[in-house]
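1. structure here, sequence nowhere to be found:
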Ligand SMILES: NC(=O)N[C@@H](CC(=O)O)C(=O)O
Ligand SMILES: [Zn+2]
């Protein structure tokens, strides 16, 4: 079993590799990178004009299984991932039941083996039922394969519980991933608190709710010397707190989403539920701070927070609609259009943020094209212009604030363990 990717621009941030060459895959592993490799006995894929990168790793995905399959399931969610160039995704535990026991972690991993188009990693809950009252069986979940621990969907405001959760999780070398929004300040807010919320007459979620929660998380991680990861950073205050914490040597990492990096609260002006998300889309000053933070390394990774909901759930009045929307199939296009084609980031930087960095935060074997690693690869046409059509998504979540937008750049093929799972934009598994 040999597959030769011929004449593409191969980019591997882990080897400082960025040049036109051939990449040979043998028995599902990266065998060799070099000029004019022999085609003998190999299927040849013409990669001229295309970029070959380690497959993307999305560390923040809601697969909704078990229990919420009207929104998404492992099969549909991993197909959406394959379509977007992702080869490994980590799923969040806010399912029904919540992923708070080892048996549920094992169950998801088992189903993903059978039905997943891409590799699936599991994130276990921090508290039982994500109720914030007592710790979940963190150790057992990690021993069963969980790669991180999180109460994502809500923040865990109980300081004592968050502290012992950090200490316990860190003993296993895993991070706690924090959804940082102070509940009492968020209250019933449905969008960013600012000029637009005032104009629309809607209750806001102030950015200081995020700042305070991130400050608390950092103080506890610093005090306990534990591994902390901040999910979907959206406020400029949070960026600055993380920047300063990193300077002090706190073991904190952070992610930003394609939507927070590129959209403002103007997107909800027409009461568009497709732009309703937690934390909310904020004003332009926050967006600029996120881009700056991503550039200087304060924000380590790009993660989608792919949070699909059933169509009818989102197709209601703004205040009532659940927060979150699909992200896997637009992430690369949005990032290339807004951050690469604008000259703000290099391709190497983007691939590092979408693949190498998240793999390293979760401590998983991915994000590299070194000889001997599983051949998990994204093949990208950076120049391809396409129009987002959410009705054609693989995900069940048909809402996205990027619908009908023209984007430049797309994954045209995705390879997992040496096999095509997506080709010419079509999932083939
Ligand atoms: N981001 C969201 O708005 N929603 C997520 C939860 C989360 O990631 O916090 C969801 O599960 O729907
Ligand atoms: Zn969240």
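-> That came in fine, so what should we check first? Predicted model, so just to flag it, every value in this text is computed and none were measured. Ligands and ions are numbered 1, 2, ... in the order given.

2. excluding chain neighbours, what is closest to residue 385?
-> Nearest residue to residue 385, sequence neighbours excluded (C-beta to C-beta, 6 or more residues apart in numbering): residue 408, at 5.1 Å. Using the backbone N, CA and C atoms, a C-beta is placed for each residue, glycine as well.

3. the host helix or strand of the one you found: how far from the chain's middle?
-> Per DSSP states H and E: residue 408 is located in strand 406-416. Here the centre of strand 406-416 is set off from its chain's centre by 16 Å, with C-alpha atoms, centre = their mean, to the nearest Å.

4. pull up the residues of the stretch 51-200 of the chain that are close to ligand 2.
-> Counting by C-beta under 5 Å from the ion, the residues of the stretch 51-200 of the chain close to ligand 2 are 152, 179.

5. part of a helix, is residue 33?
-> No - counting by DSSP: H, G, I helix; E, B strand; the rest coil, residue 33 falls outside a helix, being strand.

6. name all residues that make contact with it.
-> Residues near residue 33 by C-beta atoms under 8 Å, 6 or more residues apart in numbering: 10, 12, 17, 21, 22, 23, 24, 369, 371.

7. same thing but 6 Å
-> By C-beta atoms under 6 Å, 6 or more residues apart in numbering, residue 33 lies in contact with 10, 21, 23.

8. now swap in residue 145 and tell me
-> 105, 109.

9. now do the SS call for it.
-> Under three-state DSSP, residue 145 comes out as coil.

10. start the count at 590, not 1, going forward
-> Done: numbering now begins at 590, and the last item shifts to residue 734.

11. how much space separates it from residue 747?
-> 27 Å (C-beta to C-beta, to the nearest Å).

12. do residue 608 as well
-> Distance, residue 608 to residue 747, by C-beta to C-beta: 51 Å.

13. tell me which of the two has more neighbours.
-> Per other C-beta atoms under 10 Å, whichever of residue 608 and residue 747 has more neighbours is residue 747, with 14 against 9.

14. so the more buried one sits against residue 723, correct?
-> No - judged on C-beta atoms under 6 Å, residue 747 makes no contact with residue 723 at a distance of 9.7 Å.

15. is stretch 822-831 in proximity to ligand 1?
-> No - Stretch 822-831 lies out of reach of ligand 1 by C-beta under 6 Å from any ligand atom, never closer than 10.2 Å.

16. what about residue 899, neighbour count?
-> When neighbours are counted by other C-beta under 10 Å, residue 899 registers 18.

17. thinking it is in contact with residue 658, fair?
-> No - counting by C-beta under 6 Å, residue 658 is not a contact partner of residue 899; they are 9.5 Å apart.

18. where along this structure do the helices fall?
-> According to DSSP state H, the chain carries its helices in the segments 663-672, 691-704, 727-732, 748-760, 772-775, 784-789, 796-813, 825-837, 847-851, 873-885, 900-903, 920-924, 936-940, 946-951.

19. done for today, thanks.
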